[in-house]
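Enquirer: Got a sequence here, can you build the structure:
(one chain, ligands or ions: 1)
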Amino acid sequence: MKDTAKHQGLRNQLAAVLEAKGITDKKVLKAIKQIPRHLFIDSSFEAHAYQDKAFPIVADQTISQPYTVAFQSQTLEVKPGDKVLEIGTGSGYQTAVLLELGAELYSIERQRELFKKTSLFLPKLGYRAKKLIFGDGYKGLPEQAPFDKIIVTAGAPFVPKPLLSQLKVGGKLLIPVGDTTQIMTLFIRKSPKEFEKHELGDFAFVPMLEKKN
Ligand code: SAH
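Expert: Prediction:
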């Protein structure tokens, strides 16, 4: 697990690329410059780690494109101490960004192999979530609700009701909704019964699947 000056240079370039694409949040850009993304993917792809591209990881899943991670992180406006639920831990890269932003983080992954791998890996880099959970994100995490922010990093065919109901008033749910491509959708809970909805453009994610595996 080596992180060199060359990797740091590539990370600085990646942050500049993301800034040019419209990422303005300095804390998000700082997190991108700090997190060794090459350690989150198979070492045979190391040369590609700092391109703005999604990549295959174990269990037919992907590590999201850096722009997508930065966009979701910026849109959620995570503040230190925010209680955050992430659905789709995957490689743990988005998890690391949220932890750099100061989130008190709970993250759910449905693929056992990935859950195990990432649970061992993140603490090695010093990233400590409140809890990593092997489970089905469609159900949210009722025992820890309500949350300030909920982020979904897989394409959801519909918006799971439990996720909306586990938001604090004033809280935000950011979820890509759709089958083959998704519309990034932000819900803000205005009152116990009212949600404001914003559609923020097209993205492509692997599907959010029901039940754990
Ligand atoms: N943020 C991750 C994205 C991984 S891809 C990263 O950048 O590495 C999406 C992830 O969501 C996959 O790991 C997939 O297994 C997981 N996933 C899909 N449906 C899920 C569900 N119902 N509950 C929890 N995780 C789910």
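
Enquirer: make it CA atoms for all contacts and neighbour counts henceforth
Expert: Will do.

Enquirer: Need the residue closest to the centroid of this structure.
Expert: residue 94 (3.7 Å; C-alpha atoms, centre = their mean).

Enquirer: Looking at residue 60 now. What's its pLDDT?
Expert: Confidence at residue 60, expressed as pLDDT, is 81.

Enquirer: Can you get me a residue count around it?
Expert: Residues within reach of residue 60, counting by other C-alpha atoms under 10 Å, total 8.

Enquirer: any idea how far residue 210 is from residue 163?
Expert: 14 Å (C-alpha to C-alpha, to the nearest Å).

Enquirer: Mutual contacts of the two, please.
Expert: Listed as contacting both residue 210 and residue 163 by C-alpha atoms under 8 Å, 6 or more residues apart in numbering are residue 138.

Enquirer: Does at least one residue of the helix or strand of the chain with the lowest mean pLDDT sit close to the ligand?
Expert: The helix or strand of the chain with the poorest confidence is strand 55-56; it has a mean of 86 (mean pLDDT, DSSP states H and E). No: Strand 55-56 stays clear of the ligand (C-alpha under 6 Å from any ligand atom), getting no nearer than 8.7 Å.

Enquirer: so what strands line up beside that strand?
Expert: strand 62-63 (antiparallel) (DSSP bridges).

Enquirer: Could you check how far the partner strand is from the centre of its chain?
Expert: Centroid separation for strand 62-63 versus its chain: 10 Å, with C-alpha atoms, centre = their mean, to the nearest Å.

Enquirer: Which residues outside it are in contact with it?
Expert: For strand 62-63, contacts defined as C-alpha under 8 Å, 6+ apart pick out 41, 54-57, 90-91, 93, 206.

Enquirer: Verify the stated contact: residue 27 with residue 101.
Expert: Yes: using C-alpha atoms under 8 Å, residue 27 makes contact with residue 101 at a distance of 6.8 Å.

Enquirer: These two: who's more crowded?
Expert: residue 101 (20 against 16).

Enquirer: From the ligand, how far off is residue 2?
Expert: Distance of residue 2 to the ligand, given as C-alpha to the nearest ligand atom, to the nearest Å: 20 Å.
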